[in-house]
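1. return atomic coordinates for the entry below.
(2 chains)
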Number of protein chains: 2
Amino acid sequence: MRHTETTGAGEVRLENSFWHEKQELVRREVIPYQQRALEDGIDGAEPSRCLENFRKAAAALEARRAGGKTPVYPADKWHYDDENSEPGAFKGWVFQDSDLYKWIEAACRSLQNEPDEELQISVDEAVRLICAAAEDDGYINTLFTINDPAARFTNLRDFHELYCFGHLAEAAAQHFKATGSRELLDAACAFADLICREFGENGKAGYDGHPIAEEALLELYELTRRGHYLEQAALFINRRGTRPYYFDAERGESTPDGETKYEYNQAHLPVREQREAKGHAVRAVYLYTAMAHLAALTRDGELFAACRALFDDITQKKMYITGGIGSKKEGEAFTYAYDLPNSTAYAESCAAVGMVLFARRMAQAEHDSKYFDAAERCLYNCVLSGMAQDGKSFFYTNPLEAIPKTLALDEHRSHIKSTRQKWFDCACCPPNIARLISGIGEYFFLQENGDIFVELYDCCRARLESADIEMSGDYAKSGEISLNIKMKKPFRLALRIPGWCDDFSFSRKNAFIKRGYAYFGITESCTISARFETRVKLMRCNPAVRENAGLAAVCRGPFVFCLEEADNGANLHMLRLDKHPRFDFDGEAITARGYREEFSGSALYAEYREPRRRAVKLRFVPYYKWANRGEGEMRVFVRL
Amino acid sequence: MRHTETTGAGEVRLENSFWHEKQELVRREVIPYQQRALEDGIDGAEPSRCLENFRKAAAALEARRAGGKTPVYPADKWHYDDENSEPGAFKGWVFQDSDLYKWIEAACRSLQNEPDEELQISVDEAVRLICAAAEDDGYINTLFTINDPAARFTNLRDFHELYCFGHLAEAAAQHFKATGSRELLDAACAFADLICREFGENGKAGYDGHPIAEEALLELYELTRRGHYLEQAALFINRRGTRPYYFDAERGESTPDGETKYEYNQAHLPVREQREAKGHAVRAVYLYTAMAHLAALTRDGELFAACRALFDDITQKKMYITGGIGSKKEGEAFTYAYDLPNSTAYAESCAAVGMVLFARRMAQAEHDSKYFDAAERCLYNCVLSGMAQDGKSFFYTNPLEAIPKTLALDEHRSHIKSTRQKWFDCACCPPNIARLISGIGEYFFLQENGDIFVELYDCCRARLESADIEMSGDYAKSGEISLNIKMKKPFRLALRIPGWCDDFSFSRKNAFIKRGYAYFGITESCTISARFETRVKLMRCNPAVRENAGLAAVCRGPFVFCLEEADNGANLHMLRLDKHPRFDFDGEAITARGYREEFSGSALYAEYREPRRRAVKLRFVPYYKWANRGEGEMRVFVRL
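-> Numbering: from 1, shown residues only, chains lettered A, B, ... in the order given. This is a model prediction of the structure:
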């Protein structure tokens, strides 16, 4: 096992390219919109109360430091609405603080790509507010600081304190990288130090109900090289799921053998014994990300074996073709192998984001193209689907089939929307997409002892240890990419051969190919071009995916395509594709001959006769672009 | 509109026939088994406590009549288990009393077919026990008599008092018909009289959360000709769904406009305004049964128009091909038009039973074969599927596709079993099937002014007003039937032409055909034979049933057939039927050529190539016989 290094965002600058365009959307639309949301300035949206909570917390601390007493409010629920809580109390979800942290992270990642004085001023104000809400011992969480300081850390399963810490630490790391200021980083480290004291080797044996503190501590460790952060992350990870359950202990309960109630939190088994992805999908992949990261950092083969099994379980049995994971709404969770229903899919945007994080950590530990193949599947499909083409609205869930008129009628589809929403009460997905896209440059290259692994392809300039690389070409559309390499010292260059491609060539011969990478020895500055054939492919599922028997999806390059009502009319389930289709791609959409089946009569049941077949030209658009032209049906898997 | 008369069970005796065999199963297996269950004598089954409740109620009454006081227990829940209630209190579901009534009804219907001294003694004992539990004013309900007499009739929405009365009255009517004894009938009438006082024109404007009292009162009216029962049924029916809602009033709540919370109880709209079947499917069809019955008895065209719309809505948009209705488990309810998922179907056995009751009342009001076509669809498929071939186990839900290994893993399928159960905690379905099958003779003929409508076909002897008829032949298998008619006076004979049949002939020419009936003038004793061609048919759904696009079901005569793993191996979704199949029927099963698709590799997604097609002979068995040969996959709709 290895631990290759990722680049910082600042080392890779995207330009005039597919992903740069998305970063610009995030910079120009998402980050300012989210800022207004945090300030409760969006008409028609429920106020976030997030900044208000920080101000209340700072005021309470000031009052207490001045020797005053502040009222105690209940801190016993997941959500605190205006109606049922005192005006002075905390408002919103228990994890409301993380909205601000994720915004800061996205903003600071964006600032590393593109300076913006006004944005930086806003970020610095937010940072000051957070620091003002920090208790003397480093603790930061507005729910408990405002409502009931004595109740902190009494319900790790539900109350997201370590989760909020995790997002704070990740924001702080990016704030430091973007500005050089240690202000937020110091606050995050002080909180981290408190956590290490509270939950260290001799402290409480807890871990959070929603993982992310683990990964955040590892990132803090890599930034600060303070060993106790690594140790604390390892403690959190290795304690998880051991008996007696901490979540039982903290509430004086006990769990009979065989009960699976902590699967939701991935705390049903010690992590090293986990082999199947279970429970809440976002929590799961956040945990697995940290497990893979820790395994790589500590060369822990046993832990990595669990990560590999979990990765394979997801990608070989539980991932939609779009990269969506977590197929059911109950618990936003993984289900069982090959259970991938199209029209009831949950496939939360955040889970696809988390899957990219997990895949990256796996790729750092082991050179196998399958990791970034999965990341690419998520990025170009389910992640991007989460955001409208204009960056102004978002999907929380990403189904593979949508029939708008049924959604309001059907409990099993009530989580699915056929138009993106401006914002969400639980606003996790938009900022998660924003922080991932803003920082996507970090995912392009991995470096190991000077060798460079190119994992994602798009136009960019990278300043790496062994070379400066200028990548050009139009990978997303044509599969062509060219690397202009200014060598600083000799190294091996490894190009990931995308999993969707089975016909490729390189301008330089004699590539050595291993586990999905083409390796080239670089001994002088040069240009290497790659052509990954983007032939349109018709993809089928493993037959164990029962719902998709007889169906196939149209794919090209990294993109999955779909039928939309706007192009093909309603009742997409009556459309069939020619068995041996000839596909045309016009740069935007794929067309192919097919037909629409038509039966006559309105009977519920009628004797089967060959239907009339009306020849039609089917038009497929990239999945991530669906629902950008008004409300209508959508379908990824089409009948053959 | 009309009101044709049904026959009593005693007027039609089935013999050596399809349905007689089922009646014998009920007589020899179901009724004795249920008797043991009521007496808590089944090992491994949760005790019913039903008779125990009646004994406790009788004892409490005796104590109170002797001037003593009895303890008050809570009467505020749907279910009372051993653990959380006092030993002396009521046990079981609020509707537990109805288990005994339904058993008595089934037993008394069976006694009308086949005398059985031992059974009659048991019935008479039960009747004495019920009468002993009757309060002085006629009220009978063990929950309230035991736990809290003052709380009676305070929560009609939830507590099933009028529902239990309904089953009591239906049992009493059959007890009277079977034995000539008025003992139970008098008790039921005394209770009915109390209800008429309590909820009459000048009483409380209530109606039950679970309809059946309405239909029971109409049946009591027809038996006793006491007009106030008819009036009370009309009051219950016409009040339902009017504003302000009684269910709000009785609990001091109010429902904002537009809320649909009483759809579950079919009390969201006045019944005359209801056009779409909504809510709990059993409650719905029990209500519609009474509405149709009342409409016919009172020649109420407006009410009947609502019934017709509801019947058409169900049969044209919401009924499985097996006759199953109520497609979702949430609320055991109807959903929206054409939402008929196969593998998550609820399709409760009781709902199919209720649909037969509804269809019969419709047919009494209007001569249209569509009514008994629907009844027949239910009877030969979903109703019979509810009971094992040996009469010893039962299905509560009746899916159209079962994949046993997924059931335990999947919330959306947790209501589905792949093997029939011995008994149920909520034991509504087995006795409901038992009472319907025992009384199936009542459904064969309708009589109107001497004219005879033959609605169901099977070997039987009937003593009717205008003729004695001996029906012979093997309708279920061959579609052939012969009526030997001993005329008493001239009449018109109308034979229903089954909806599944499009090729038929009669031994007598010149039939007059109207709305699905062949009419013959009978002026002398004679024999008329009918041949309804039972060609195997491949049936498709209306294309609006999205899930079944590209699929079809194999049917023959009144039976829907299915594939089972026992005959065809696992992974039934990989089997395809020839587009132009040649079917063979060997008297038991249908075979046809098809093939099994096979793909190689274990990848979750792979490029589509034509699968290997392994030729196989597909074997289809009648749907109602599924799951009688061990656990395995089942599928009604097969790929073409």
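2. for A:Gly354, list the residues it contacts.
-> For A:Gly354, the contacting residues are A:281-282, A:284-286, A:289, by CB atoms under 8 Å, 6 or more residues apart in numbering or on different chains. To be clear about C-beta, it is placed using only N, CA and C from the backbone, and glycine gets the same treatment.
3. now, which of these sits nearest B:Gly206?
-> Nearest to B:Gly206, judged by CB to CB, of these is A:Ala281 at 48.0 Å.
4. which ones are touching the closest one?
-> A:325-326, A:332-334, A:346, A:348, A:351, A:354.
5. Serialize the residues you listed to JSON lines and add fields for secondary structure.
-> As requested, those are exported to JSON lines (DSSP: H, G, I helix; E, B strand; the rest coil):
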{"residue": "A:Ile325", "secondary structure": "strand"}
{"residue": "A:Gly326", "secondary structure": "coil"}
{"residue": "A:Glu332", "secondary structure": "helix"}
{"residue": "A:Ala333", "secondary structure": "strand"}
{"residue": "A:Phe334", "secondary structure": "coil"}
{"residue": "A:Tyr346", "secondary structure": "coil"}
{"residue": "A:Glu348", "secondary structure": "coil"}
{"residue": "A:Ala351", "secondary structure": "helix"}
{"residue": "A:Gly354", "secondary structure": "helix"}
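6. pick out the most distant pair among the contacts of A:Gly354.
-> Every pair of these checked by CB to CB; the farthest is A:Ala281 and A:Thr289, at 12.4 Å.
7. circling back: take the contacts of A:Ala281 and lay them out in CSV including pLDDT.
-> Shown next, in CSV, are the contacts of A:Ala281 (pLDDT from 0 to 100):
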residue, pLDDT
A:Ile325, 98
A:Gly326, 97
A:Glu332, 95
A:Ala333, 96
A:Phe334, 97
A:Tyr346, 96
A:Glu348, 95
A:Ala351, 97
A:Gly354, 98
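8. any residues touching the longest strand seen in chain A, and which ones?
-> Taking DSSP state E as the assignment, the strand of chain A that covers the most residues is strand A:612-622. Contacts to strand A:612-622, defined as CB under 8 Å, 6+ apart, come from residues A:380-381, A:554, A:559-564, A:567-568, A:575-577, A:588-600, A:638.
9. swap the cut-off to 6 Å and go again
-> With contacts defined as CB atoms under 6 Å, 6 or more residues apart in numbering or on different chains, strand A:612-622 is touched by A:554, A:559, A:561, A:567, A:589-592, A:594-596, A:598.
10. and the closest residue to chain B within the stretch 51-200 of chain A, how far from A:Lys91?
-> With CB to the nearest CB, the shortest gap between the stretch 51-200 of chain A and chain B falls at A:Glu83, namely 16.7 Å. Noted for A:Glu83: a distance of 11 Å to A:Lys91, by CB to CB, to the nearest Å.
11. neighbour count winner among the two?
-> Taking other CB atoms under 10 Å in any protein chain shown, A:Glu83 and A:Lys91 do not tie; A:Lys91 has more neighbours (22 against 5).
12. quick check: phi and psi at the closest residue to the more buried one other than its chain neighbours.
-> In space, not counting the residues next to it along the chain, A:Lys91 is nearest to A:Arg49; the distance is 3.7 Å by CB to CB, 6 or more residues apart in numbering or on different chains. Backbone torsions for A:Arg49, taken as degrees, to the nearest 10, come to phi 70, psi 10.
13. and the gap between A:Arg49 and A:Ala427?
-> Applying CB to CB to A:Arg49 and A:Ala427 gives a distance of 12 Å.
14. neighbour count winner among these two?
-> Neighbour count, other CB under 10 Å: between A:Arg49 and A:Ala427, A:Ala427 has more, with 25 against 21.
15. can you tell me the closest non-neighbouring residue to that one?
-> A:Asp99 is the one closest to A:Ala427 (CB to CB, 6+ apart), at 5.7 Å.
16. do I have it right that the one you found meets A:Leu51?
-> No - taking contacts as CB atoms under 6 Å, A:Asp99 lies outside contact range of A:Leu51: 9.4 Å.
17. those two: which has the busier surroundings?
-> A:Asp99 (26 against 21).
18. A:Pro341: how many residues sit nearby?
-> 21.
19. what about the spatially closest residue to it that is not a sequence neighbour, neighbour count?
-> Among residues not flanking A:Pro341 along the chain, A:Glu547 sits closest, at 5.6 Å (CB to CB, 6+ apart). When neighbours are counted by other CB under 10 Å, A:Glu547 registers 20.
20. pretty sure A:Glu547 sits in a helix.
-> Yes - looking at A:Glu547 with three-state DSSP, it is inside a helix.
21. where's it relative to A:Asp339, distance?
-> Between A:Glu547 and A:Asp339 the distance is 9 Å, computed by CB to CB.
22. same check on A:Asn432?
-> For A:Asn432 relative to A:Asp339 (CB to CB), the value is 25 Å.
23. toward the C-terminus, what is the element adjacent to whichever strand or helix holds A:Lys22?
-> Taking DSSP states H and E as the definition, A:Lys22 sits inside helix A:18-25. The helix or strand immediately downstream of helix A:18-25 is helix A:31-38, counting by DSSP H and E.
24. A:Ala552 is in contact with B:Glu607, isn't it?
-> No - A:Ala552 is not in contact with B:Glu607 according to CB under 6 Å; the separation is 9.1 Å.
25. looking at the two, which is more packed in?
-> Taking neighbours as other CB under 10 Å, A:Ala552 and B:Glu607 compare with A:Ala552 leading, 23 against 14.
26. quick one: pLDDT of the more buried one?
-> Note on A:Ala552: pLDDT of 97.
27. doesn't it lie inside a strand?
-> Yes - under three-state DSSP, A:Ala552 sits within a strand.
28. pull the contacting residues for it.
-> A:Ala552 touches A:538, A:540, A:640, B:608, counting by CB under 6 Å, 6+ apart.
29. torsion angles phi and psi at the most centrally placed residue in chain A?
-> By CA atoms, centre = their mean, chain A has its centre lying nearest to A:Val353, at 1.0 Å. As for A:Val353, its main-chain torsions (degrees, to the nearest 10) stand at phi -60, psi -50.
30. report the contact partners of it.
-> A:383, A:432, A:436.
31. equivalent analysis for A:Ile590, please.
-> Contacts of A:Ile590 by CB under 6 Å, 6+ apart are A:536, A:554, A:561, A:583, A:620.
32. from A:Met487, how far off is A:Glu524?
-> Distance, A:Glu524 to A:Met487, by CB to CB: 6 Å.
33. looking at the two, which is more packed in?
-> Taking neighbours as other CB under 10 Å, A:Glu524 and A:Met487 compare with A:Met487 leading, 16 against 8.
34. quickly list what the more buried one is bridged to.
-> Counting by DSSP bridges, A:Met487 forms beta bridges with A:Ala467.
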